[in-house]
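Colleague: predicted model and sequence follow; I will ask about them next.
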Amino acid sequence: MTKRSNEPVLWVLFSAGGVVAAFLIPVLLFLLFLAFPLGWIASPSYHGLLELVRLPITRLALFVLCFFSLFHWAHRFRYTLYDGLQIKHLNQLIFPFCYGGAVLGSVIAGYLLWNIR
Amino acid sequence: MSEGRKLEYTEFRPRWYRSRVSTWWWMGRWSYLKFILREISSVFVAWFIVELLMALNALSSGPQEYGAFQDFLRNPVVVFANFISLFFVVFHAVTWFNLAPKAMAVRIRGKRVPNLMIAGPNYIAWVVVSALVAWFLLRA
């Protein structure tokens, strides 16, 4: 029997991440990292934000966002390196860097979201 | 394939001839450049997640740490990076939604549903989701 490729699984993660990232990241990036800190829009208070993030549903949503977006990055970046820079022969380095990075980031996200006081 | 590599012959045909493609092959045409820009958008998706994790860490550490993180976000270099990131994540979203009709060619009674009928609802959903997220954040 031939060895099954893990490519379909990775592609599904990539694709799910693409959807999540497309829907959520532009608005979050604009508000949290541009409009609020630069004072274009009145920023919510520290305690208000903390309370929002404490809600289980918010934590779950943020974890889903982090997990899928990171795997989206891993897959796309891997192929950017292959196609753009044509360094497919470095696969043994690129593969663990990309997916390992995604796993590490997800673990950190899980840890942070779990431990918010 | 790069030169200097050992020539290998298979049983039935000589090794494929492939001329080396320049590393800058995507510079020549707008559609190629667009492809590479779309691919590079993933780097900014990752950057956003890193920033989000930093924000969560600051938020759970206390008001002072959170204030320091807000100062970090006001650093001109970070502001610049976030502007570029915003461009790329919007570019990702737009190209992603425009791709949807190509990824699923829906046919009704043998006729292909127009692209706009599939991409359109995605854009509407995008607006709705963005408004919802903004509403939750603004009332926090």
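Modeller: Nice, I can see it.
Colleague: shaky segments in chain B?
Modeller: For chain B, residues meeting the criterion pLDDT under 70 lie at B:1-16.
Colleague: tell me where it has helices.
Modeller: B:30-61, B:63-74, B:76-103, B:115-138 (DSSP state H).
Colleague: equivalent analysis for chain A, please.
Modeller: A:7-30, A:46-54, A:56-84, A:91-114.
Colleague: nearest to residue B:129, out of those helices?
Modeller: helix A:7-30 (4.8 Å; Cβ to Cβ). (Each C-beta comes from the backbone N, C-alpha and C, glycine too.)
Colleague: quick one: mean pLDDT for the closest one?
Modeller: For helix A:7-30, mean pLDDT rounds to 94.
Colleague: on that earlier part again, just name the most buried of the helices of chain B.
Modeller: Ranked by mean neighbour count, the helices of chain B are led by helix B:30-61 with a mean of 18 (mean count of other Cβ atoms under 10 Å in any protein chain shown).
Colleague: okay, residue A:11 and chain B: tell me how far apart.
Modeller: 12 Å (Cβ to the nearest Cβ, to the nearest Å).
Colleague: picking that back up, now render the helices of chain B as CSV, adding distance to chain A.
Modeller: CSV is the format used below for those (distance: least, Cβ to the nearest Cβ, whole Å):
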stretch, distance to chain A
helix B:30-61, 4
helix B:63-74, 4
helix B:76-103, 4
helix B:115-138, 4
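Colleague: wait, which of those is closest to residue A:43?
Modeller: Between these, helix B:63-74 lies closest to residue A:43; by Cβ to Cβ that is 8.0 Å.
Colleague: okay, that closest one in CSV with CA atoms only?
Modeller: Presented in CSV, the C-alpha positions along helix B:63-74 are these (Å, rounded to 0.1, in the frame of the first residue of the first chain):
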residue,chain,number,x,y,z
PRO,B,63,-3.4,47.5,33.2
GLN,B,64,0.2,48.7,33.3
GLU,B,65,1.4,46.1,30.9
TYR,B,66,-1.6,46.8,28.7
GLY,B,67,-0.7,50.5,28.6
ALA,B,68,2.9,49.6,27.7
PHE,B,69,1.5,47.5,24.8
GLN,B,70,-0.6,50.4,23.6
ASP,B,71,2.6,52.6,23.6
PHE,B,72,4.2,49.9,21.5
LEU,B,73,1.4,50.1,19.0
ARG,B,74,2.0,53.8,18.7
